[in-house]
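Undergrad: need coordinates for the below:
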Amino acid sequence: MESKLPDIGTTIFSVMSALANEHDAINLSQGFPNFSIDSRLKDLVKKALDDEQVQYAPMPGRLDLREAIAGKLFVQHGINVNPNTEITISAGATQGIYSAIAATIVLGDEVILFDPAYDCYDPSIRLHGGVPIHLELEFPNYNINWDEVEQSITPKTKMIIVNNPQNPAGTVWSKNDISRLEKICEAHPSLLVISDEVYEHIQFEGNHESVLKSELLRSRSFVTYSFGKTFHVTGWKLGYTIAPATMTTELRKMHQFNVFCVNNTMQAALANYMSSGESWELVKPFYTKKRELFLEGMKQTKFKPLACDGTYFCLYDYSDISNENDVDFAKRITKEHKVASIPVSVFYKNQTDNKVVRFCFAKEDETLNSAINNLCQI
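TA: Predicted coordinates:
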């Protein structure tokens, strides 16, 4: 059988996690927490099961959950989002992104994205006949060069995919970034945007600059979010996408023939959880403490910190330690020093190697301290 993605193999996340398991290493590679979730949310899952919320959910998602999301967005940004026509519950943000691309991209369409990039964007574009245009963030601050973006737009450019806060770089947008994207969209009225904002609540300084705050950008954007990132439940694979009604209609056409609907029990629990308090406000202070612990501890090592303004990842430059390429370095320290990381070159189309690895600090304090102790030995 001919492969549609012949260049895609086992992801580095699977490779590094397997290596961590094999060598009994501390796994700071994949972005999943190793601590318990809120007991109240657990109780609400049990209640949903007791209430027999176990059959198919509505295709766009449970209305009570969509209404809770609309309420959250009003509290956050002061905007009104129609839960019936502008919110769709997805099987994680990744499936929402895939559905948005499937709904809009046709053969030959160009899509601009920024490396280092989350690994689902490029294959999703190519599977629908699109042409990914990879632009690199400026190293070492990982900023977008907006002049380069403007120069890269052609008559075939259909979409720009942005990620704020950015994974893996850990950078966040300023108001200037929003302004520059607005100007580009004003100059190109048919240009669409996917804004991946799954780490919206994990920004450590200032306020999250969502594209939803801009009337212009909101009118042509699919904005994706993740319950997994916000409430530490990555295994539930639940997210949602906000888009104007006409765009949501097209997204739902893809969604209904992809997964149709997602886990009803967990949706019911989340609807109750979100409706009984602004639980998302606990996320930022929780991860702020984790970040401070990790950054302070890593000062004892030979690693040099780079951006760590958002997400639960930190990038570290190891060029003072080794000249190895980042994949070899990450594998070696997993085996020899029992800490697994992700080499950042895998997030680049051109495998750009700046001697940088990514660590995840969404872990128990004990886990982080043990990892730091091991890294101090390098």
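
Undergrad: show me where the stretch 51-200 of the chain has helices.
TA: 63-77, 92-104, 121-127, 146-152, 175-187 (DSSP state H, counting those that start in this stretch).

Undergrad: need the residues that contact the last one.
TA: I take that to be helix 175-187. 144, 146, 149-150, 153, 160, 162, 164, 191, 193, 209, 211, 213-214, 216-217, 220 (Cβ atoms under 8 Å, 6 or more residues apart in numbering). (C-beta placed from N, C-alpha, C; glycine too.)

Undergrad: give me that answer again for 10 Å
TA: 112, 143-144, 146-147, 149-150, 153, 157, 160, 162, 164, 171, 173-174, 191-193, 195, 206-207, 209-211, 213-217, 219-221 (Cβ atoms under 10 Å, 6 or more residues apart in numbering).

Undergrad: same check, this time on the fourth one
TA: Identification of contacts with helix 146-152 by Cβ under 10 Å, 6+ apart yields 110, 112, 114, 133-136, 138, 145, 157, 160, 162, 176-177, 179-181, 183-184, 187-188.

Undergrad: which members of those residues are classed as buried?
TA: The neighbour-count test (16 or more other Cβ atoms under 10 Å) marks 110, 112, 114, 133-136, 157, 160, 162, 177, 180-181, 184, 188 as buried among the contacts of helix 146-152.

Undergrad: returning to what we had before: to residue 304, which of the helices of the stretch 51-200 of the chain lies closest?
TA: helix 175-187 (25.0 Å; Cβ to Cβ).

Undergrad: for residue 247, what are its contacts?
TA: 86, 100, 103, 104, 192, 219, 220, 221, 222, 241.

Undergrad: can you list the weak-confidence ranges in the stretch 101-250 of the chain?
TA: Applying pLDDT under 70 to the stretch 101-250 of the chain flags no residue at all.

Undergrad: just the strands in it please.
TA: 110-115, 131-136, 157-163, 192-196, 221-226, 239-242 (DSSP state E, counting those that start in this stretch).

Undergrad: output those strands as TSV; include the columns distance to residue 1.
TA: Listed next are these as TSV, based on distance: least, Cβ to Cβ, whole Å:
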stretch	distance to residue 1
strand 110-115	27
strand 131-136	24
strand 157-163	29
strand 192-196	30
strand 221-226	31
strand 239-242	31
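
Undergrad: picking up where we left off before, I'd like the contacts of residue 247 laid out as a markdown table, including neighbour count and distance to residue 253.
TA: Compiled in a markdown table, the contacts of residue 247 are given as follows (neighbours: other Cβ atoms under 10 Å; distance: Cβ to Cβ, whole Å):
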| residue | neighbour count | distance to residue 253 |
| --- | --- | --- |
| 86 | 23 | 15 |
| 100 | 31 | 11 |
| 103 | 20 | 7 |
| 104 | 20 | 11 |
| 192 | 23 | 16 |
| 219 | 13 | 20 |
| 220 | 18 | 18 |
| 221 | 28 | 18 |
| 222 | 28 | 14 |
| 241 | 27 | 13 |
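
Undergrad: for the residue nearest to the spatial centre of the chain, give me the backbone phi and psi.
TA: Centroid-nearest residue in the chain: residue 198, 4.6 Å away (criterion: Cα atoms, centre = their mean). Main-chain torsions, residue 198, degrees, to the nearest 10: phi -70, psi -20.

Undergrad: name the nearest of the buried ones among the contacts of helix 146-152 relative to residue 272.
TA: Nearest to residue 272 among those is residue 162, at 32.2 Å by Cβ to Cβ.

Undergrad: which strand residues bridge the closest one?
TA: Beta-bridge partners for residue 162, by DSSP bridges, are residue 195.

Undergrad: surely it and residue 211 touch.
TA: Yes: Residue 162 is in contact with residue 211 according to Cβ atoms under 10 Å; the separation is 7.6 Å.

Undergrad: that older thread, looking at the strands of the stretch 101-250 of the chain, spot the one closest to residue 54.
TA: Closest to residue 54 of the strands of the stretch 101-250 of the chain, according to Cβ to Cβ: strand 239-242, at 20.8 Å.

Undergrad: any idea how far the spatially closest residue to residue 250 that is not a sequence neighbour lies from residue 124?
TA: Ranked by Cβ to Cβ, 6 or more residues apart in numbering and with sequence neighbours excluded, the top spatial neighbour of residue 250 is residue 103, at 4.1 Å. Distance from residue 103 to residue 124, counting by Cβ to Cβ, to the nearest Å: 11 Å.

Undergrad: show me what contacts residue 299?
TA: Neighbour list for residue 299: 305, 372 [criterion: Cβ under 10 Å, 6+ apart].

Undergrad: check the offset of stretch 366-378 from the chain's centre.
TA: Here stretch 366-378 shows a centroid-to-chain-centroid distance of 26 Å under the convention Cα atoms, centre = their mean, to the nearest Å.

Undergrad: where's the nearest residue to residue 108 once chain neighbours are set aside relative to residue 134, distance?
TA: Nearest non-adjacent residue to residue 108, counting by Cβ to Cβ, 6+ apart: residue 156, 6.1 Å away. Here the distance between residue 156 and residue 134 works out to 15 Å (Cβ to Cβ).

Undergrad: hang on, residue 296 in a strand?
TA: No: if the criterion is DSSP: H, G, I helix; E, B strand; the rest coil, then residue 296 is helix and not within a strand.
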